[in-house]
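In: Mind folding the following:
(one chain, ligands or ions: 1)
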Amino acid sequence: MPHRSVSLNRHFFEQRMVHRELVGQLGAVITQIAFATKRLSLEVSRAALAGRTGAAGASNATGDVQKKLDVYSNEILIDALSGLGIVAAVASEELDHVHILDNTVGAPYVLVTDPLDGSSNTDNSGSVGTIWGIYDAAAPESRGVIKKIETEDAMASIKNGMPVAAGYVLYGSGTIFVYTIGDGVHGFTLDRELGEFLLTHPNIRCPEKGKIYAANVSRQHDWDPRLQKFLQALTDPKPNKYRSGQKAYSLRYSGALVADLHRTLLEGGIFLYPSDSESKNGKLRQVYECAPLAFVVENAGGRASSGSVRVLDTPVHTLHQRSPLFIGSASEVALCEQFLSGEAG
Ligand code: P6P
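Out: Sure, this is the predicted structure:
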């Protein structure tokens, strides 16, 4: 018998008895996100041929220089979700404000997204990714009420709710689609000839401990001394009580959050982007980078923290607010929090 190929749609259909929503509107949104990222995978791979490398000539709301592919990726994603009547609004790194889609009275969901994370890597063919999260558009008390979702409704859902689904797509040596609806984390690899994402990583579990850490260590002189002590505990050639006989950790850092996160999810360890003198609240964005990835990693048994607060409990005040991020294996993230609080070290 040939190996059974499980497409995303088949995967959703097989879960319909437990998760009816996967053969309904939620499944339709995730399928459209997958469709958009198939297009993105193609566009990223041929950016240089299509003249889509380099800067777009503007900056986004958080002051990052927008790459041509950033803008194009945002357009592709919004286009894939427009007209469905299922997504009411999109909060994107590339848009200053929440974007309310047309004809969406009664649409049940809001999308948060970083359409092309790590886009500085596109000019050197490095890995990049898409990060996405889906929230209920209406507050619990007004669910079922047919109304047009406005910006304040979308922001209220993002501030007060938890994601109903989240995931990312890694455009690396392969194109990997990872998602969760809160019941397991599942990974699919794009078969370009079929044009289908096929299940290759069912029920991903983040190892309890790893052997790798990911950080931009060129900035460590500027970090909290307690964080420096934590990294010393991981990397000291001499064994210490925090490594229980394990060898010193290796450093892997790609400059693209999705690539470093995906490796950490599969192999364990910790990714960290702390605050420093340049980024006093951290560099990564809480709404459309930290929270969706935290939802994925926690559902795989990992942990995600701002250093002192669980990412998914971090209060959201503004759409583009930044947060420090410590994410990965439960053991390393918890130990890092203990160093930062002074309980360890
Ligand atoms: P640095 C890319 O710009 C990004 O937002 C993340 O994808 C990545 O983890 C981080 O910034 C890299 O930042 O300061 O190390 O270049």
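In: And the residue of the stretch 1-150 of the chain at minimum distance from the ligand, how close does it get to A154?
Out: Taking CB to the nearest ligand atom, the ligand has its nearest neighbour within the stretch 1-150 of the chain at G118, 3.9 Å off. Yep, even glycine has a C-beta here, placed from its N, CA and C like the rest. Taking CB to CB, to the nearest Å as the measure, G118 falls 26 Å from A154.
In: Please identify which of the two sits among more neighbours.
Out: A154 (26 against 22; other CB atoms under 10 Å).
In: Give me the buried positions along the longest helix seen in the chain.
Out: In the chain, taking DSSP state H as the definition, the longest helix is helix 25-45. For helix 25-45, a neighbour-count test (16 or more other CB atoms under 10 Å) marks 25-38, 40-44 as buried.
In: do the same with stretch 251-269
Out: Applying 16+ other CB under 10 Å to stretch 251-269 flags 252, 254, 256-266, 268-269 as buried.
In: that older thread, which residues does the residue of the stretch 1-150 of the chain closest to the ligand contact?
Out: If you count contacts by CB atoms under 8 Å, 6 or more residues apart in numbering, G118 has them with G126, S127, V128, G129, S254, G255, A256, L257, V258, A259.
In: can you put those residues in CSV and add pLDDT, distance to the ligand and secondary structure?
Out: Shown next, in CSV, are the contacts of G118 (pLDDT from 0 to 100; distance: CB to the nearest ligand atom, whole Å; DSSP: H, G, I helix; E, B strand; the rest coil):
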residue, pLDDT, distance to the ligand, secondary structure
G126, 94, 10, coil
S127, 96, 10, coil
V128, 97, 8, strand
G129, 98, 8, strand
S254, 96, 8, coil
G255, 95, 5, coil
A256, 97, 5, coil
L257, 98, 3, helix
V258, 98, 7, helix
A259, 98, 8, helix
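In: Where does A58 sit: helix, strand or coil?
Out: What DSSP: H, G, I helix; E, B strand; the rest coil gives for A58 is strand.
In: Does the residue nearest to it when sequence neighbours are not counted belong to a helix, a strand or coil?
Out: Counting by CB to CB, 6 or more residues apart in numbering, the nearest residue to A58 once its immediate chain neighbours are dropped is Q66, at 5.2 Å. In three-state terms, and counting by three-state DSSP, Q66 is strand.
In: mind checking how far Q66 is from A55?
Out: Applying CB to CB, the value for Q66 to A55 is 7 Å.
In: So those two - more neighbours on which side?
Out: Taking other CB under 10 Å, Q66 and A55 do not tie; Q66 has more neighbours (18 against 13).
In: My read is that that one contacts S73, right?
Out: No - using CB atoms under 8 Å, Q66 is not in contact with S73; the gap is 10.4 Å.
In: Now do the shared contacts for these two.
Out: By the contact definition CB under 8 Å, 6+ apart, Q66 and S73 are jointly contacted by E94.
In: who are the neighbours in contact with G184?
Out: Neighbour list for G184: P202, N203, I204, N299 [criterion: CB under 8 Å, 6+ apart].
In: Let me know the helix or strand that the second one is in.
Out: This means N203. N203 is part of no helix or strand when elements are defined by DSSP states H and E.
In: got a list of what it touches?
Out: G184, V185, H186.
In: which one of the residues you listed sits closest to the ligand?
Out: V185 (19.9 Å).
In: what number of residues lie near that closest one?
Out: Residues lying near V185 (other CB under 10 Å) number 26.
In: wait, isn't it in contact with F177?
Out: No - using CB under 8 Å as the test, V185 is too far from F177 to be in contact (11.4 Å).
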